[in-house]
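Visitor: Have a look at this prediction, sequence included:
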Amino acid sequence: MRVERRSLEERVRLIVERLLEWYRDEPWWRREKAEPLRVMLSILLSNRSNRRVVRRVVAELLERYPRLEDMLGDPDGVRKALQPLGLAALRARAVLGLARLLAETGGVESFLGLPAEEARRRLLTIPGVGEKTADVLLMALWDADVFPVDTHIARIASRLGLVEPGARPEQVRRLLEPLIPRGLRARAHLAMIQLGREVCRPRRPRCSECPLRGLCSFPRGTEAG
DNA sequence: ATCCCGACTG
DNA sequence: CAGTCTGGAT
């Protein structure tokens, strides 16, 4: 049992090493850290939605409501602005929940000044914000050393054989988070997301272009091209 | 397990 | 046209 655990740990270490060689970008939120509201909204709305549409909608929201508190008087306008994303009613609840939270806390800067634990607790009170989204927010704005697992990462972990097929994201996170070296978790998260989008796609994975070739026994996908 | 729901890709 | 998009709540 001890041997198995050590080998798993070693595999994860190698995988992360390869991933970080392959993905050298700095976290996108570092460039936008001067605009925490943009970061928050982007993360809040990123679930199950197209990135370009998210960028567009977030830009529009910020232009119309430079201070999120201004949204509170215009819930209808907020919902309308969110229409292109789909799930507009749900997302409006989340965005307005964030606006309310910031207002209650005395503005963004005060909120960002909260200890991560407290911020997390409050973020989870926002309807539509669960553990995963809360962790991504903490990772981006509090430099929390966490490893949020989404559908991409769960799929990759399963294909790598790190977890059993069909494992839930939360299970995958509990297993992998402690195995990823401290300080590398945010970048490992981003690298795996990127890998999931471009290479280890849900369908027709591009195994021949994968930086994890040799560390993975997933059946070589029938790459159409 | 199922629903939420629009844009975008092949 | 079907599948997918950094899930969450019921």
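Guide: Cool, got the structure. Everything quoted here is computed from the prediction, not taken from an experiment.
Visitor: make it CA atoms for all contacts and neighbour counts henceforth
Guide: Fine.
Visitor: so is the nearest residue to A:L98 once chain neighbours are set aside in a helix, a strand, or just coil?
Guide: Excluding its sequence neighbours, the residue lying closest to A:L98 (C-alpha to C-alpha, 6 or more residues apart in numbering) is A:I126, at 6.4 Å. Secondary structure, DSSP: H, G, I helix; E, B strand; the rest coil: A:I126 is coil.
Visitor: wait, A:I126 sits on A:L102?
Guide: No - if you go by C-alpha atoms under 8 Å, A:I126 and A:L102 don't touch, sitting 11.0 Å apart.
Visitor: Neighbours of the residue nearest to A:L98, how many?
Guide: 19 (other C-alpha atoms under 10 Å).
Visitor: same deal with A:M192?
Guide: A:M192: 24 neighbours (other C-alpha under 10 Å).
Visitor: again, but for the one 3 residues further on
Guide: The local packing of A:L195 (other C-alpha under 10 Å) involves 23 other residues.
Visitor: and it, what does it touch?
Guide: A:R201 (C-alpha atoms under 8 Å, 6 or more residues apart in numbering).
Visitor: ok, back up a step: and the residue nearest to A:L98, how close does it get to A:A134?
Guide: Separation of A:I126 from A:A134 (C-alpha to C-alpha, to the nearest Å) stands at 10 Å.
Visitor: do A:W28 as well
Guide: 17 Å.
Visitor: what about the spatially most central residue of chain A, helix or strand, and which?
Guide: Closest to where the C-alpha atoms of chain A average out (C-alpha atoms, centre = their mean) is A:V136, at 4.8 Å. Applying DSSP states H and E as the criterion places A:V136 in helix A:131-141.
Visitor: Is DNA strand C within reach of that helix?
Guide: Yes - shown here: helix A:131-141 in contact with DNA strand C (C-alpha under 7 Å from any atom of the strand) through A:E131, A:K132, A:T133, A:A134, A:V136.
Visitor: For ChimeraX, write the selection for the buried entries among those residues.
Guide: The buried residues among the residues of helix A:131-141 next to DNA strand C can be selected in ChimeraX (16 or more other C-alpha atoms under 10 Å) with this line:
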select /A:132,133,134,136
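Visitor: Which of the residues of helix A:131-141 next to DNA strand C sits closest to A:N50?
Guide: Minimum distance to A:N50 across the residues of helix A:131-141 next to DNA strand C is 15.8 Å, recorded for A:T133 (C-alpha to C-alpha).
Visitor: which ones are touching the closest residue to A:A92 other than its chain neighbours?
Guide: Once flanking residues are discounted, A:A92 sits nearest to A:R79: 5.1 Å by C-alpha to C-alpha, 6+ apart. A:R79 sits next to A:A88, A:A89, A:R91, A:A92 when contact means C-alpha under 8 Å, 6+ apart.
Visitor: wouldn't the first one be in contact with A:L82 here?
Guide: This points to A:A88. Yes - counting by C-alpha under 8 Å, A:A88 does reach A:L82; the two are 5.3 Å apart.
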